[in-house]
Every structure is written in structure tokens, then in C-alpha cells.
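A.B. asks: Based on what follows, work out the 3D shape:
(2 chains)
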Amino acid sequence: MVTEKNMRIYYYKGSVVIFGLLFPFIMFLTFFIGRNLDLVLFFPGFLGMMLFFSSSSTGPLITPWEKREKTYERLLSLPVILESVILGDILAGAVFGMVITTIVWIAATFLLHLSLMHAGVLVVALVLGAFVFAALGTLLSSPAMSNPSNVMMLSSLIRIPLIFASGIFIPLSQLSGWEWIVTSLSPLTYLVDLFHGGINGDAVYPAYIDVIVLLIVILLFIGGAKLIQQRNLMKGT
Amino acid sequence: MEVIEADRLCKSFGPVRAVDEVSISVKEGEIFGFLGPNGAGKTTTIRMLTGVLTPDSGSARICGIDIHRDPLAAKLKMGVIPENGTVYSDLTAEQNILWTAKFYGMERIPARNRAEEILACLGLTERRNDIVRTFSKGMRQRISIACAIVHSPPVLFLDEPTGGLDVYSRRLVVDTVRDMNEGGSTVLLTTHNIEEANELCTTVNIINRGKIVATGSPEKLRKRFDTTKYVEVAFEQPVGRELFTDARITRAEARGDKWRLYMDDPDQAVKYLASLAEQKHLRILSIATSSPTLEEAFVQLTAGA
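C.D. replies: Numbering: from 1, shown residues only, chains lettered A, B, ... in the order given. Okay, here's the model as predicted:
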């Protein structure tokens, strides 16, 4: 029910369209146009970026928007527990990310005649990645802010650097030393690696490592969001 | 039977003690008014009673269910109209009501029938498919009420339900609250509108600086200050305070074109004013003795807030 409400209200908001749809396309075109790069090689990275931005675009908007409109209090007074509200927000972001990314993948597969090495790995990547970054979006919206633009700014400050440390623009196999260490800290790295494994069959890490890391990150993000929102309820913010 | 019980609820925001050991007990079928000036702790108390805010200490029970131990079961028993009557502006009137009904486990067809019935009662049938963003404040408040009563809750919480509403919307809200109460719902409402509390409530709690300063029926509270009767007089000619020099007058207050004079014996006051008018060649336009209203009891109890 929380997800249904979020889908009806927030999918059409300007910031979701800009940060969730246009931004990843623009980022990729900026990097790709004018350079003689192999699109097939870079497509898993683009798909990862698409899923990352689209899944994490609704989360930062929902709670601050509802706090500003004062509907958050109405929601909490309904027979619903905080965990359901958080999961409802995450699910809305994840569904948005999965639908948009699937459309992009289908279109690109037909247009570019892309290969599909492991359909199962691709599906797992799509689902796990959507939940990881939707949870990130919800985590970012959890601090007591009632101005959506402040949260969008904060989320951009965190999201944009992540795409440069995730093996999207430089393949993981070409990284070494501190670049490798920094990249290993980004959850986006493991998603892009899973996409590489599913589409081109050229993953660097074994698929189970990517899956375990993404599962741990989901739990950390959900736990963090719950902790912060519980604290907000105590503080009345 | 007590339907709403709060036992020594406390809440602080930083150094500010917003609610200080508030205990209330509301019997089934009552309309209970929570009165207080702005910042007195009314909304904080209602937020703790409805499970929106966690208290620092104390407990609250709705129909015998602890709201913080079993929030889902307790919330199923209540309908809440938060301050400012917030509803989702991007949904239609009907979508807001049907979406809320789902949380209470209502099936689609009964929910739709109930929504139709409430929208008709609140005069919003024709606007049912309009986006709430286009509604006036009064209409939004009516939708907020519709959402709160869609499941016919045994307990209804209303936080400043008529604040800033026009006369028509206010009347609709008051009538709906009364209808719900007659239908069996117990109502707790916060307000700083004394007239509204006097008109609606069977019991009133007055809260000031986080503490309950008085409890009772509106009439009992008013009676507590009954000793301070006054006489209100209007002269044809304008007069100043210096006119009222008699030692028996304990206080003289200008009220528009009238003077309000406080004396221990209003009968003496009337006789005094009549002789005064004759001596000073003044013409009395009106004269009346009055007892304090609930508003005056409220002002005296919350003085300095």
C-alpha cells in the first residue's frame, strides 16, 4: 500500500525524471561521444549506472516531501509499522529502477545485437542492484530534512562520485593499486561486475562474491535508514 | 469503560519539557477536549497517543491496547486527523479515502460504498475525482476527516480540526464529529477555540506549559471562577477609567464601547452605576451582569503562557 502510493505520486515528479532517467543518459553520452570506444564492452557499465540512478532517484524525494507536506504524520498514524514504510519506499524505488533498466536493456539488445551470457546472473543483478540503490535513496532521505531539494543535493553529492569509482568508465581489469582499493569500496562496482558477467561473461569477481557484497550492503542501508528514522520519531523531527 | 488512557506521559525536546507527566482518562462515548494555548503541549500529547511520537516515559492505551507495545492493533481502533488536515495533494479525493481504507483491511466494494456515503455527507460527491491540490483548505480538511472515519473507528483523534476554516466548513466538521460520537465513537480533540470546546465537549482538560492545570466539564470549569462576577455597561457618551473610583470595584476593563466592572456583589454594582449615571448626567445604553465564560476560566488558568 505504501509502495502503491509512492508509485502514484512520486514517479512523475520532475527530480525523479531528471535524476532517474535523463542524468544517466547524459553522463554516458558525455563520456562516450567523440571517443572511439567499444559500446558492447561498456554497455554493462552503462546498464549499472542506469539502474543505480533510476533506483536511487525516488527514495531521496519521498520522506522529505511527505515531511514538508505533513503527510508523513498521517502515514505514521495509520496501522503501519516503520519497517513497512521504509520497505514500501525501497520497493517503489526498486520497481522504478528495474522497469526503466529492463526497457533500456531490451532496446539496446535489439539495436546493438548484444549477447547474453548468463540470463540468471543478469536477473539477479537487476533485482539486487535495484534494491541496493533504492535502499541507498531511502537511507539518504532519512535524516530529518523537510526540504526535498536539500536531500536531492546531498544525494547527488554522494551518488555522482560513486560512478567514478565503480568500474563504469574504466574496466576493473585495468585498475590497480589505490584505484582498485577505492573501487572495491563502492557497491556499484559489484553490480557492474555482475552485469559484465551476465551480458559479456567477463566479470572480474566470482558472481557469488558480488551477490554477497550486495546483500550485505542492502542490510546495512536498510538498518541505517531504520535507525535514523526511529531516532527521528524519538526526537519528533 | 476507559477508551483512551494516558499515564504520566513525558516528552522533552532538548531542554524544553513539552509534556510533563500528563495523565488522562477518556470514557467510552465522551467528546473530550484538550484545550491550551499555542505551544502548551496539545499536539505533542496527541502525537504520543496516536503512536506518531515515542514518549520519553509513561504509557498510553487505546481500548486497553498499549499504543507503543502493540501499535498496529491500537491504530486499527482509531482514526486520526492530524493538525492542518493533511492529505495527499497528488491523489484525488476518492483515491485518498480508498487508499486509507486499505490500511484498515476494508474490501474494495464496501470501502467504495463507504467513501461514497462520506463524500455525500461532507458535500464533496461532485469533486470526488478531482486532484486534492485544487481544493480549498476547508475541502482538504473534509477529505482528511473522510479518511479518518472511513473505517468507522471507535476512537477519533482530531488535532485542531476547525483551525482556519470558513463557517460552512467549520459547521460541517462539527456536525460530523457530533454524528460520529452519536454513532458510538469516542472523540478526543485538541483546540484553542473555547467556543468549540464548550459547544462539543463533555469533558475538558486544560493544558499549559506541558502540564494539565484543570479537568472537568466546561460548566464545572466555568463555575470554578464564578465568584468573579462582573457588570458590563455602555454609556452613550464616551467615559474614561477615572469615572470608576469606587473602592468596591476590584477591576475595570474597557471592552470596545463598553466597560466591564468586577465587583463582589453585582447587585451593588448596578445600583452604583445607576446613581453614577444620574450624578454625571450620563445615559446608560445597556447594562448586564454576567458570570465568567469558559474563555475567562481558560485565560485565568493559562495566564502568563
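A.B. asks: Test my guess that residue A:167 contacts residue A:191.
C.D. replies: No. Counting by Cβ atoms under 8 Å, residue A:167 stays clear of residue A:191, with 9.6 Å between them. Just so you know, the C-beta spots here come from the backbone N, C-alpha and C atoms, and that holds for glycine as well.
A.B. asks: and these two? which has more neighbours close in?
C.D. replies: Between residue A:167 and residue A:191, counted using other Cβ atoms under 10 Å in any protein chain shown, residue A:191 has the larger neighbour count: 32 against 27.
A.B. asks: and the more buried one, what is it in contact with?
C.D. replies: Residues near residue A:191 by Cβ atoms under 8 Å, 6 or more residues apart in numbering or on different chains: A:48, A:51, A:52, A:125, A:128, A:129, A:132, A:133, A:166, A:210, A:214.
A.B. asks: Now do the strands for chain B: every range, in order, please.
C.D. replies: Applying DSSP state E to chain B gives strands spanning B:2-13, B:16-27, B:31-35, B:57-62, B:65-66, B:78-81, B:155-159, B:186-191, B:203-208, B:211-216, B:230-235, B:249-255, B:258-263, B:284-290.
A.B. asks: So which elements touch the shortest one?
C.D. replies: Here strand B:65-66 is seen to pack against helix B:71-76 when contacts are counted using 3 or more Cβ pairs under 8 Å, 6 or more residues apart in numbering or on different chains; DSSP states H and E.
A.B. asks: What's the mean pLDDT across the helix it packs on?
C.D. replies: Regarding helix B:71-76, the rounded mean pLDDT is 90.
A.B. asks: Would you mark the buried spots in stretch B:236-256?
C.D. replies: Buried residues in stretch B:236-256, counting neighbours by 16 or more other Cβ atoms under 10 Å in any protein chain shown, are found at B:239, B:244, B:249, B:252.
A.B. asks: actually stretch A:182-200, not the one I wrote
C.D. replies: Counting neighbours by 16+ other Cβ under 10 Å, stretch A:182-200 gives A:183-184, A:186-200 as buried.
A.B. asks: ditto for stretch B:263-278
C.D. replies: Using 16+ other Cβ under 10 Å as the test for burial, stretch B:263-278 gives B:263, B:266, B:269, B:270, B:272, B:273, B:276, B:277.
A.B. asks: from these, which ones fall inside helices?
C.D. replies: In this view, those that belong to helices under DSSP state H are B:266, B:269, B:270, B:272, B:273, B:276, B:277.
A.B. asks: got those residues as JSON lines, with distance to residue A:17 and pLDDT columns?
C.D. replies: Formatted as JSON lines, these follow (distance: Cβ to Cβ, whole Å; pLDDT from 0 to 100):
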{"residue": "B:266", "distance to residue A:17": "71", "pLDDT": "72"}
{"residue": "B:269", "distance to residue A:17": "73", "pLDDT": "79"}
{"residue": "B:270", "distance to residue A:17": "75", "pLDDT": "82"}
{"residue": "B:272", "distance to residue A:17": "77", "pLDDT": "84"}
{"residue": "B:273", "distance to residue A:17": "74", "pLDDT": "85"}
{"residue": "B:276", "distance to residue A:17": "77", "pLDDT": "85"}
{"residue": "B:277", "distance to residue A:17": "76", "pLDDT": "86"}
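A.B. asks: out of these, which one sits closest to residue A:83?
C.D. replies: Nearest to residue A:83 among those is residue B:266, at 63.1 Å by Cβ to Cβ.
A.B. asks: now the closest one, nearest residue through space, not along the chain?
C.D. replies: Nearest residue to residue B:266 in three dimensions, chain neighbours excluded: residue B:289, at 4.0 Å (Cβ to Cβ, 6 or more residues apart in numbering or on different chains).
A.B. asks: Just list the residues touching the one you found, thanks.
C.D. replies: Counted by Cβ under 8 Å, 6+ apart, residue B:289 has contacts B:229, B:230, B:231, B:232, B:266, B:267, B:269, B:270.
A.B. asks: roughly how far apart are residue A:160 and residue A:148?
C.D. replies: Counting by Cβ to Cβ, to the nearest Å, the gap from residue A:160 to residue A:148 is 18 Å.
A.B. asks: what about these two, which has more around it?
C.D. replies: Higher neighbour count among residue A:160 and residue A:148: residue A:148, with 21 against 12, using other Cβ under 10 Å.
A.B. asks: Check whether the residue nearest to the more buried one when sequence neighbours are not counted sits in a helix, strand or coil.
C.D. replies: Excluding the flanking residues, the one nearest residue A:148 by Cβ to Cβ, 6+ apart is residue A:64, at 4.4 Å. At residue A:64 the chain is in helix, as set by DSSP: H, G, I helix; E, B strand; the rest coil.
A.B. asks: Grab the nearest non-local neighbour of residue B:285.
C.D. replies: Computed as Cβ to Cβ, 6+ apart, the closest residue to residue B:285 that is not its neighbour in sequence is residue B:234, at 4.3 Å.
A.B. asks: Up against chain A, what does chain B have?
C.D. replies: With the criterion set to Cβ under 8 Å from any Cβ of the partner chain, chain B comes near chain A through B:11, B:13, B:44, B:47, B:50-54, B:71-72, B:75-76, B:78, B:80, B:82-84, B:86-91, B:95, B:99-100, B:102-104, B:144, B:147, B:157.
A.B. asks: Filter those down to the ones in helices?
C.D. replies: B:44, B:47, B:71-72, B:75-76, B:95, B:99-100, B:102-103, B:144, B:147.
A.B. asks: Give the buried residues for the host helix or strand of residue A:92.
C.D. replies: If you go by DSSP states H and E, residue A:92 is part of helix A:82-112. Using 16+ other Cβ under 10 Å as the test for burial, helix A:82-112 gives A:84-98, A:100-102, A:104-105, A:108.
A.B. asks: re the thing from before, which of the buried residues of stretch B:236-256 lies closest to chain A?
C.D. replies: residue B:252 (44.3 Å; Cβ to the nearest Cβ).
A.B. asks: beta partners of the closest one?
C.D. replies: Assessed by DSSP bridges, residue B:252 has beta-bridge partners residue B:261.
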